[in-house]
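1. I'd like to go over a predicted model; first the sequence, then the structure.
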Amino acid sequence: MLGNAGPRGSHIGGTGLAVSNGCRHPEIAIDYAVRVASAEWQRTIYFDAGGQPAHAAAWDDPRCNAAASNFFRDTRQTIERAFLRPRYNGYIVFQYAGGAMIRRHLQQGGKPETLLADLDALYRDSLKT
């Protein structure tokens, strides 16, 4: 959504990188995690291999932007103003089911009040998971 302050209203959330406490070779895994998350790897090896970099150095990198049709530069403000998606067990189910509700509403019509009530009920149910 665009407001007077520019892009806002997006939410982000994705895959994290961690080393399991059951890892048989934690030193190697930690070394890899540190390397793959570093500015140098994110803007070179990781990006070149098709990874979606998270490091700001990759988002600012002219080469990465040229290869991605300025995607990083053009979406940076939206990402910086986004909020992190909730991290509770029922949220992903709520997100998918809620998206389907919204899509049906947009395609088939209906009362916005009904949609909001249904989304609210779905949300409250998701908190119980």
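-> Looks like it arrived, so ask away.

2. Show me what the strand or helix carrying residue 73 is packed up against.
-> Using DSSP states H and E, residue 73 sits in helix 71-81. Judged by 3 or more Cβ pairs under 8 Å, 6 or more residues apart in numbering; DSSP states H and E, helix 71-81 is in contact with strand 6-7, helix 56-60, helix 62-67. Every C-beta, even on glycine, is put in place using the N, C-alpha and C of the backbone.

3. Let's see that with 7 Å instead.
-> strand 6-7, helix 62-67 (3 or more Cβ pairs under 7 Å, 6 or more residues apart in numbering; DSSP states H and E).

4. in it, what's buried?
-> For helix 71-81, the neighbour count (16 or more other Cβ atoms under 10 Å) marks 72, 73, 76, 78 as buried.

5. looking at it, the third one is touching residue 59, isn't it?
-> It refers to residue 76. Yes - at 5.7 Å, residue 76 and residue 59 qualify as touching, with contact defined as Cβ atoms under 7 Å.

6. Hmm, residue 30 is touching residue 18, no?
-> No - Residue 30 is beyond contact range of residue 18, at 9.9 Å (criterion: Cβ under 7 Å).

7. Compare the two and say which one has the larger neighbour count.
-> residue 30 (13 against 10; other Cβ atoms under 10 Å).

8. gap between whichever strand or helix holds that one and the chain center?
-> Taking DSSP H and E as the criterion, residue 30 maps to helix 26-37. Centre-to-centre, helix 26-37 and its host chain are 22 Å apart (Cα atoms, centre = their mean, to the nearest Å).
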